[in-house]
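S.K.: Provide a 3D model corresponding to the input given below.
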Amino acid sequence: MLKTNHVHLLCTPSNASGISQMMQSLGRMYVAYFNRRYKRTGTLWEGRFTSCLLQEKTYLMQVYRYIKLNPVRGSKDDEQAVYFWSSYQCNAFGKKSDLLTPHSIYTRLGINEKERQLAYRGLFAQQIEGKLLEDIRQASNKGLALGNEHFLADIERLTGRRVIERKRSRPVGWRKNTSEVKALN
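M.R.: Numbering: from 1, shown residues only. Predicted coordinates:
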């Protein structure tokens, strides 16, 4: 059975606010359409979209695999080929779509379209499991970055934002500070 309770998009924006603008526009247009069509009011989404920055060279194809295999996880192996909302048919079999621009990493899978399609189909022979699956889920659900240590350090340095999850804990010495505050009261 196909899972259809959420959507994954893999996008390369042309500017810094491209993804946010796209999601805002999509939300406005689709929600209005959906509400008109089904004679309802209100929002469709449970919350804001989450996104993650990923290291292209190392993780792009892994995230392609994650997204394409996600709706069919636990289903027959070839169901992603017929899943209506997937770009799998475009990359794996050459189906044309105005919504898809082949990524440069995809175009390097082979010297011609047939080689690329064959190599792309080969990427989906096995499900993603273990640490890679956990890392992709954590990054996408929590808005973290996905990449090697050097990439993550560079992103944190450039943005001044934390892009990896740190262990949750109280600051060192927090008990001492708490007891000092109680003594002052």
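
S.K.: okay, CA-based contacts and neighbour counts for the rest of this
M.R.: OK.

S.K.: OK, contacts around the residue sitting nearest the centre point of the chain?
M.R.: For the chain, the residue nearest the mean C-alpha position is S140 (5.0 Å; CA atoms, centre = their mean). By CA atoms under 8 Å, 6 or more residues apart in numbering, the residues touching S140 are T50, S51, C52.

S.K.: nearest spatial neighbour of the first one, skipping sequence neighbours?
M.R.: I take that to be T50. Of all residues not flanking T50 in the chain, G143 sits nearest, at 5.6 Å (CA to CA, 6 or more residues apart in numbering).

S.K.: burial check on that neighbour, number of neighbours?
M.R.: G143: 17 surrounding residues under other CA atoms under 10 Å.

S.K.: check what pLDDT it gets.
M.R.: At G143 the predicted local distance difference test score is 86.

S.K.: same question, G122
M.R.: 92.

S.K.: re the thing from before, type out the PyMOL command that picks the buried ones from the contacts of S140.
M.R.: Here is the PyMOL command that selects the buried residues among those (16 or more other CA atoms under 10 Å):
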select buried, resi 51+52
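
S.K.: R73 and E129, how far apart?
M.R.: According to CA to CA, to the nearest Å, R73 stands 11 Å off from E129.

S.K.: the two - which one has more neighbours?
M.R.: R73 (17 against 9).

S.K.: I'd like to know how far the more buried one sits from Q127.
M.R.: In this view, R73 and Q127 are 8 Å apart by CA to CA.
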